[in-house]
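Visitor: Any chance you could fold what I've pasted below:
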Amino acid sequence: MSTRNRKTDDIRSRDFESSINTRPVTNDEVAYRNGYVRGKSAEQLEQERRRATEARIYEENARLRSDNGVSAGLILGLALAALAAVIGGLIYVYSEETNPGAVTPTPEATSPEPATNETTIIERTIERTQEVIPSPAPVQTPEVNVELNTPAPAPAQPEPATNQAQPAPAEGTAN
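Guide: From the prediction side, this is the model:
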């Protein structure tokens, strides 16, 4: 809602229009301006109508192309299948003997005589020995007793360790 007075707005707009120093607009100029606006509006409507028509035509053509592609593929497939059947039939007919009415004698079945093949069995023994690999001697683990919260007396001299495993002398060496 405006708090301005309508009368003051009218006075100001008249003052503004009167302050412009130009010639007055003629009726022809107003008609030309209005005609230009109407023409542009009509032109835009016409372009939108054309675009809609072109889009409809494009969709129809795309549908027809896909239908034609399917039908052409079906016809081509049927034609190839018929051609393959005709060629197969011709090969079958011409692959038989040239005199189909003649009776061909069949040879009498002769029983095969049992073969008297002697087979010789040759036995052969292969001696293999297994090498015995000596297993290492078991190592004894030292027993350790640990007591906690007991102060240990400090030894005056270090004692030699007696519970440790002594390494075995290597074989073939003299001590």
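Visitor: Roughly how far does Leu83 sit from Gly89?
Guide: According to CB to CB, to the nearest Å, Leu83 and Gly89 sit 11 Å apart. For every residue, glycine as well, the C-beta is placed using N, CA and C.
Visitor: Kindly report the same for Phe16.
Guide: 100 Å.
Visitor: likewise Glu29?
Guide: From Glu29 over to Gly89 (counting by CB to CB), the distance is 89 Å.
Visitor: show me where this structure has helices.
Guide: Per DSSP state H, the chain carries helices over the ranges 6-19, 27-95.
Visitor: Mean pLDDT and mean neighbour count for those helices - can I get that in CSV?
Guide: CSV is the format used below for the helices of the chain (pLDDT from 0 to 100; neighbours: other CB atoms under 10 Å):
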stretch, mean pLDDT, mean neighbour count
helix 6-19, 69, 9
helix 27-95, 91, 10
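Visitor: Kindly reformat those as CSV containing distance to Thr129.
Guide: Listed next are those as CSV, based on distance: least, CB to CB, whole Å:
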stretch, distance to Thr129
helix 6-19, 127
helix 27-95, 67
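Visitor: Figure out which of those is closest to Glu127.
Guide: helix 27-95 (63.5 Å; CB to CB).
Visitor: Show the backbone phi and psi for Ile121.
Guide: phi -100, psi 120 (degrees, to the nearest 10).
Visitor: any idea of the pLDDT on it?
Guide: If you check Ile121, the pLDDT there is 83.
Visitor: Number of residues surrounding it?
Guide: Ile121: 4 surrounding residues under other CB atoms under 10 Å.
Visitor: Looking at the helices of the chain, spot the one closest to Thr119.
Guide: helix 27-95 (44.3 Å).
Visitor: list the helices and strands that closest one packs on?
Guide: Packed against helix 27-95, as judged by 3 or more CB pairs under 8 Å, 6 or more residues apart in numbering; DSSP states H and E, are no other helices or strands.
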